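# Build me a structure from this.
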Amino acid sequence: MSLSPMPTQASPVDRALTNAVPVEIDLNQAVRTLSAHARLLVLLPLLVGALAVAATFLVKPKFQSTVRMLPPQQAQSTASALVGSLGGLAGLAGGAGAVGALAGLKNPSDQWIGILGSRTISDALIKQYKLQDRYALEFLYETRDELKDRSSIQVGKDGLISIDVLDEDPAFAAQLANAYVEQLRTMTKDLAVSEAAQRRVFFEQQLKLARNGLVKADGDLQSAGVNEGVIKSVPEATVGALAELRARAAASEIRISVLRGSLTDESAEMRAALREQSELSAQVARLEKSGPSGLTGKAEQYINSVRNVKYYETLFEIMARQYELARADEARDGALIQVIDEAVPAERKATPKRGLIGAVAAALAFVLTVFGVLLSHARSVRIVS
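Prediction:
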């Protein structure tokens, strides 16, 4: 007696696949079906579009104001303008500024767009115009998000930065858009003053060191006395030239150490600084080699004192000029901001765009109606069969 296996119960998915009837799409039949419901296909989308347009009247319109400006141009610092006349140490003044920061960007406008959209400027605008109360929001971060949604900051193909602001009041929209520019002016001025202040403090410290060194060297020279024989054999001009070269070489070393903080040895500016340092070192070596030898006692003390005085005089002159230039830069404004078109109150609303909303709603309703008609016809045919 053989036992037959018990039949397994088919799952709902298996039964559905077994009973499935292949669906064939008859384009002619689909066209006839849609033609039979032509009135529905026309009236329903029109009704939906009309209702969508009517709903937009419940939304308070917003007006858009736009201010267009050139990407801020960093004013060239006085120190950078006189690099060639101040020796190697002048490179310290220009390397730390905003110009150096912008030079590495593919599109400098991106940095200014980032500043305009920063939290600092947003909070300043929120506080200035009490936007938290105006937008009726409880938290500050919500107000920032709302301001961000109402503002658009971008750079166009013409290179100009556009600031668009939406608001229910056209006059306030223009006022807020122009306020972005004013806040940017304030921020760039503060940043420029801070950078110049850092340079001023640095050169002020170096100036004090050079002054102290000069006072000490001058005292040593006076105590050494004047040796007329040494002056005749070793002219003071020769001694001064060597001291000046040493000072320039020291300034070049300082410049290279600063540049290494932001540049590699392969960069063009670094290669030029290294080449200058090498040439100065070679000149110093040649003058030292050709200098007097065999000096002892007061003669040697006198020569060393003269060299130290000339060395610190050169450093003091460089530091004093750099200090005055840093003070001048500190008193100046930051980046030069030029507005091409100021924002003015808009004459026409920007949102809602009733025509576009109605057209999109009607198109979507038409697609859904077509799908519904075809699906309903397909079900009725299947039930009959």
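
# what are the ranges of the helices in the stretch 151-300 of the chain?
In the stretch 151-300 of the chain, the segments counted as helices under DSSP state H, counting those that start in this stretch are 170-224, 228-233, 236-259, 268-290, 297-331.

# State the distance from the residue nearest to the spatial centre of the chain to Pro72.
Nearest to the mean C-alpha position of the chain, by Cα atoms, centre = their mean, lies Gln111 at 1.5 Å. For Gln111, the distance to Pro72 equals 9 Å [Cβ to Cβ, to the nearest Å]. For glycine as for every other residue, the C-beta is placed from the backbone atoms N, C-alpha and C.

# what is the mean pLDDT for the host helix or strand of Val373?
Per DSSP states H and E: Val373 is located in helix 354-384. Across helix 354-384, pLDDT averages out at 85.

# Then stretch 63-82?
Average pLDDT, stretch 63-82: 70.

# my guess is Leu140 meets Gln132, correct?
Yes: counting by Cβ atoms under 8 Å, Leu140 does reach Gln132; the two are 6.6 Å apart.

# Quick check: neighbours shared by these two?
Common neighbours of Leu140 and Gln132 (criterion: Cβ atoms under 8 Å, 6 or more residues apart in numbering): Ile126.

# Those two: which is more packed in?
With neighbours defined as other Cβ atoms under 10 Å, Leu140 and Gln132 compare such that Gln132 has more, 18 against 15.

# Might one say that the more buried one is in contact with Leu125?
No: if you go by Cβ under 8 Å, Gln132 and Leu125 don't touch, sitting 11.0 Å apart.

# pLDDT averaged over stretch 281-300 - what is it?
The average pLDDT for stretch 281-300 rounds to 64.

# Revised request: answer the last question for stretch 167-186.
Averaged across stretch 167-186, the pLDDT comes to 93.

# buried ones in it?
Neighbour-count burial for stretch 167-186 flags 167, 170, 172-181, 183-185 (criterion: 16 or more other Cβ atoms under 10 Å).

# And the furthest pair within those residues?
By the measure Cβ to Cβ, Pro170 and Arg185 form the most distant pair in the buried residues of stretch 167-186, at 23.8 Å.

# Tell me, how many residues neighbour Leu137?
Leu137 has 17 neighbouring residues, counting by other Cβ under 10 Å.

# if I look at it, how far off is Gln205?
48 Å.

# same check, this time on Leu70
Per Cβ to Cβ, Leu70 is found 37 Å from Gln205.

# in the stretch 101-250 of the chain, what spans have low per-residue confidence?
For the stretch 101-250 of the chain, residues meeting the criterion pLDDT under 70 lie at 101-108, 192-195, 221-241.

# do that again at 90, thanks
Where the stretch 101-250 of the chain drops to pLDDT under 90, the residues are 101-112, 114-115, 156-159, 185-250.

# ok, the buried residues of stretch 167-186 vs Thr66, which is closest?
Here the nearest of the buried residues of stretch 167-186 to Thr66, counting by Cβ to Cβ, is Ala177; it sits at 6.6 Å.

# doesn't Phe63 make contact with that closest one?
No: using Cβ under 8 Å, Ala177 makes no contact with Phe63, being 10.9 Å away.

# need the contact list for Ala363.
For Ala363, the contacting residues are Pro45, by Cβ under 8 Å, 6+ apart.

# Give me the distance between it and Tyr323.
70 Å.

# Same check on Val42?
Using Cβ to Cβ, one obtains 82 Å as the distance from Val42 to Tyr323.

# Then Ala124?
Separation of Ala124 from Tyr323 (Cβ to Cβ): 33 Å.

# ok, the two, which is more surrounded?
More neighbours surround Tyr323 than the other of Ala124 and Tyr323, with 20 against 17 (other Cβ under 10 Å).

# Identify the residue nearest the more buried one in space, chain neighbours excluded?
Nearest in space to Tyr323, with sequence neighbours left out and distances taken as Cβ to Cβ, 6 or more residues apart in numbering, is Phe203 at 4.1 Å.

# circling back to that earlier point, secondary structure of the residue nearest to the centre of the chain: a helix, I assume?
Yes: applying DSSP: H, G, I helix; E, B strand; the rest coil, one finds Gln111 inside a helix.

# Going forward, count from 190.
Sure, I'll start numbering at 190, so the last one becomes Gln300.

# Surely Val256 touches Ala532?
Yes: contact criterion Cβ under 8 Å: Val256 and Ala532 qualify, at 4.1 Å.

# the more surrounded of Leu259 and Gln394?
Ranked by neighbour count (other Cβ under 10 Å), Leu259 and Gln394 place Leu259 first, with 15 against 12.

# Is the more buried one in contact with Ile350, as I believe?
Yes: counting by Cβ under 8 Å, Leu259 does reach Ile350; the two are 7.5 Å apart.

# Check the burial of the residue nearest to Tyr512 by counting its neighbours.
Neighbour count of Phe392, defined by other Cβ under 10 Å: 25.

# how far away is it from Glu371?
32 Å.

# Kindly report the same for Thr245.
Applying Cβ to Cβ, the value for Thr245 to Glu371 is 34 Å.

# cool, Ala436 as well?
Ala436 is 46 Å from Glu371, where distance means Cβ to Cβ.

# cool, Ala461 as well?
Ala461 is 40 Å from Glu371, where distance means Cβ to Cβ.

# Next: Arg228.
Distance, Arg228 to Glu371, by Cβ to Cβ: 59 Å.

# again with Ser565
Using Cβ to Cβ, Ser565 is found at 62 Å from Glu371.

# likewise Ala474?
Remark: distance between Ala474 and Glu371 (Cβ to Cβ) = 57 Å.

# now swap in Ile310 and tell me
For Ile310, the distance to Glu371 (Cβ to Cβ) stands at 10 Å.
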